[in-house]
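*Asks:* build the 3D model from these lines:
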Amino acid sequence: MTSETETGKVQAKPEPILQIKKLCIDYPIAIGTVQAVRDVSIDLYDGEALGLVGESGCGKSTLGLAILDLVREPGKIASGEILYHGRDILKMPKAEVLALRGQGVAMVFQNPLTSLNPLMKIKDHFLETIQQHKPDILKKDALRMTAELLEELGIDKKRMDDYPHQLSGGMRQRIMIALGLIMNPDIIIADEPTTSLDVIVEAGFVDLLNRLRMKFELSIILITHNLGLVAEIADRIVVMYGGKIMEEGTAEMIFHRPYHPYTAGLINCVPNIDVDQAKLTTMAGSPPDLVHPPKGCRFQPRCPKALERCAVEEPQLLTYRDGRRAACWLYPEEF
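*Replies:* Numbers count the residues shown, from 1 in each chain. This next block holds a predicted model:
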């Protein structure tokens, strides 16, 4: 892959650390098959923060689980590839996948209180994780590693003897981040990481995540419906709807020059303190039935700019000259 610089010279573009190629995920149910993710292709580069946004049920969390081969039955990955450093995770032996979780790719789930075992002290969570991946490491060394990392995240090492319920929501979230970082992975997947946090703690979380990203040279996939959060962290944003990608671009493109009407609708729904709160914008309609998705564009039934063509023919996800991708008949040509 190549890219052109301002001087006109062509430079080689780095290879993605993670590549998702034409991924399809299904959930067979009694009345049919839920098409949870359809033909999704995404690249993630070293040191990049990528935001996955969209309404609940759009497929973003399912996509995050698929990266670690954690899609639970009856869900199944129907087709596609997930390449980590060029190797397909979906074809790896189970032992290699288990080793990959934590050491290569780690996940921070949205509710730390339910993710942490209430009967285990904080230090025991770390000991279990470290010993699973490195059984030869001495307990005292594992505890030292844990104490150093917790202090890096602003948590006194004395709290290692506490149980999860003895910590605040913000501290529990930091513990989850520390568990993700303890084996020094390349990629952190954060799934709705601030859902249970108030706005003050959330602001601190943003600063922490940005600092950790630089210190540990992390690539981050941030899964969220919080556009304010993704604007603070993400370099590039993927907008999903009905299991498909509607648009992808840099944060500046998405927030200042959105192409897809769905992207524009999401941005318009964000409360603005400079606007009369009695005039909040909402998006008409509901997300599509993924057992029987609408013909043509999946957003067409709700789209304020829908064309006749949108109801009968599905638009392709095109790449434009500015590097953005969008699937919309308003922009049928690459320009």
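*Asks:* list the beta-bridge partners for the nearest residue to residue 219 once chain neighbours are set aside.
*Replies:* Using C-beta to C-beta, 6 or more residues apart in numbering and skipping the chain neighbours, the partner closest in space to residue 219 is residue 187 (4.7 Å). (C-beta placed from N, C-alpha, C; glycine too.) Beta-bridge partners recorded for residue 187 (DSSP bridges): residue 105, residue 219.
*Asks:* check contacts around residue 187.
*Replies:* Counting by C-beta atoms under 8 Å, 6 or more residues apart in numbering, residue 187 makes contact with 17, 18, 44, 104, 105, 106, 218, 219, 220, 221.
*Asks:* with neighbour count added, can I get those in TSV?
*Replies:* Converted to TSV, those look like this (neighbours: other C-beta atoms under 10 Å):
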residue	neighbour count
17	20
18	24
44	23
104	21
105	24
106	25
218	21
219	21
220	22
221	25
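*Asks:* how near is the residue lying closest to residue 69 once chain neighbours are set aside to residue 64?
*Replies:* Closest residue to residue 69 apart from its sequence neighbours, by C-beta to C-beta, 6+ apart: residue 97 at 5.2 Å. As judged by C-beta to C-beta, to the nearest Å, residue 97 and residue 64 stand 15 Å apart.
*Asks:* now swap in residue 82 and tell me
*Replies:* Distance, residue 82 to residue 64, using C-beta to C-beta: 11 Å.
*Asks:* so what's the residue nearest the centre of the chain up against?
*Replies:* Computing the C-alpha centroid of the chain and ranking residues by C-alpha atoms, centre = their mean puts residue 223 first, at 3.2 Å. For residue 223, the contacting residues are 52, 60, 61, 63, 64, 189, 190, 191, 192, by C-beta under 8 Å, 6+ apart.
*Asks:* I'd say residue 51 and residue 247 touch.
*Replies:* No - Residue 51 is beyond contact range of residue 247, at 11.9 Å (criterion: C-beta atoms under 8 Å).
*Asks:* what's the pLDDT at the spatially closest residue to residue 170 that is not a sequence neighbour?
*Replies:* Spatial nearest neighbour of residue 170, excluding adjacent residues (C-beta to C-beta, 6+ apart): residue 201 at 4.0 Å. Looking at residue 201, its pLDDT is 73.
*Asks:* got it, and residue 219?
*Replies:* Listed pLDDT for residue 219 reads 95.
*Asks:* what about it, distance to residue 188?
*Replies:* From residue 219 across to residue 188, the span is 8 Å (C-beta to C-beta).
*Asks:* check residue 110 too.
*Replies:* 14 Å.
*Asks:* thinking again about what came up before, out of residue 97 and residue 64, which sits in the more crowded spot?
*Replies:* More crowded of residue 97 and residue 64, by other C-beta atoms under 10 Å: residue 64, with 21 against 17.
*Asks:* quick one: that one is in a helix?
*Replies:* Yes - assessed with DSSP: H, G, I helix; E, B strand; the rest coil, residue 64 lies in a helix.
*Asks:* any low-confidence regions in the stretch 51-200 of the chain?
*Replies:* 196-197 (pLDDT under 70).
*Asks:* ok, now with 90
*Replies:* Residue ranges of the stretch 51-200 of the chain with pLDDT under 90: 56-57, 73, 102, 108-115, 132-135, 152-154, 168-174, 192-200.
*Asks:* quickly find the element holding residue 131.
*Replies:* Following DSSP states H and E, one finds residue 131 within helix 122-133.
*Asks:* ah, wrong one, I meant residue 283
*Replies:* Going by DSSP H and E, residue 283 is not part of any helix or strand.
*Asks:* does it touch residue 264 like I think?
*Replies:* No - using C-beta under 8 Å as the test, residue 283 is too far from residue 264 to be in contact (9.8 Å).
*Asks:* ok, residue 160 - how many residues close by?
*Replies:* Neighbour count for residue 160, taken as other C-beta under 10 Å: 19.
*Asks:* sorry, slip of the keys, the one I care about is residue 191.
*Replies:* Neighbour count for residue 191, taken as other C-beta under 10 Å: 19.
*Asks:* what's opposite it in the beta bridge?
*Replies:* On the basis of DSSP bridges, residue 191 is bridged to residue 223.
*Asks:* again with residue 28
*Replies:* What pairs with residue 28, by the bridge criterion (DSSP bridges), is residue 33.
*Asks:* which residues touch it?
*Replies:* Neighbouring residues of residue 28 by C-beta under 8 Å, 6+ apart: 34, 74, 76.
*Asks:* mind listing what residue 22 touches?
*Replies:* Taking C-beta under 8 Å, 6+ apart, we find residue 22 in contact with 39, 40, 41, 79, 80, 81.
*Asks:* quick check, the first one in a strand?
*Replies:* Yes - when three-state DSSP is applied, residue 39 is found to be in a strand.
*Asks:* list the helices and strands the biggest helix by length in the chain packs on?
*Replies:* For the chain, the helix that runs over the most residues, judged by DSSP state H, is helix 199-216. Contacts defined by 3 or more C-beta pairs under 8 Å, 6 or more residues apart in numbering; DSSP states H and E place helix 199-216 against helix 169-181, helix 227-233.
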